[in-house]
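J.: Need the 3D shape of this:
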Amino acid sequence: QVQLVESGGGLVQAGGSLRLSCAASGRAFSNYAMAWFRQAPEKEREFVAAISWGGGSTRYTNSVKGRFTISRDNAKNTVYLQMNSLKPEDTAVYYCAAGRSQYYTGQADFGSWGQGTQVTVSS
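T.: Predicted structure coming up:
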């Protein structure tokens, strides 16, 4: 089992930037893919970005491509989400998740979740 703690959320104006962090403990962090998901009010949780165990492979949902960057520091057991050019539609609770595989294979592969961090983008 792995424990995940997100930080870095907040209120930002449209066009601004935020950097989310997720600190992991309790399991060999570097062996597994990590991902970020988000859930807006009255909407289902959706995939945002994922990174493979070694950081060499990343993937993004279309709406954030070119604006968000996922990265990881295995020495610090931390995964990051750099969010630039934020839009009001990015407003959501952002969740960090740890996978059971080395590469992203779908949301069902992610069994450990953080408590979430709120990101609010004002227009």
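J.: What is the neighbour count of residue 48?
T.: For residue 48, the neighbour count with other CB atoms under 10 Å is 23. No exception for glycine: its C-beta is placed from N, CA and C like everyone else's.
J.: which SSE is it in?
T.: Per DSSP states H and E, residue 48 falls inside strand 46-51.
J.: Please work out which residues outside that strand touch it.
T.: 33-39, 57-61, 64, 68-72, 79, 81, 94, 99, 104, 107 (CB atoms under 8 Å, 6 or more residues apart in numbering).
J.: Check which element follows it along the chain.
T.: strand 58-60.
J.: just to revisit the earlier point, what pairs with the strand holding residue 48, parallel or antiparallel?
T.: strand 34-39 (antiparallel), strand 58-60 (antiparallel) (DSSP bridges).
J.: among the contacts of strand 46-51, which ones are buried?
T.: Buried residues within those, defined by neighbour count using 16 or more other CB atoms under 10 Å: 33-38, 58-60, 64, 68-70, 72, 79, 81, 94, 99, 104.
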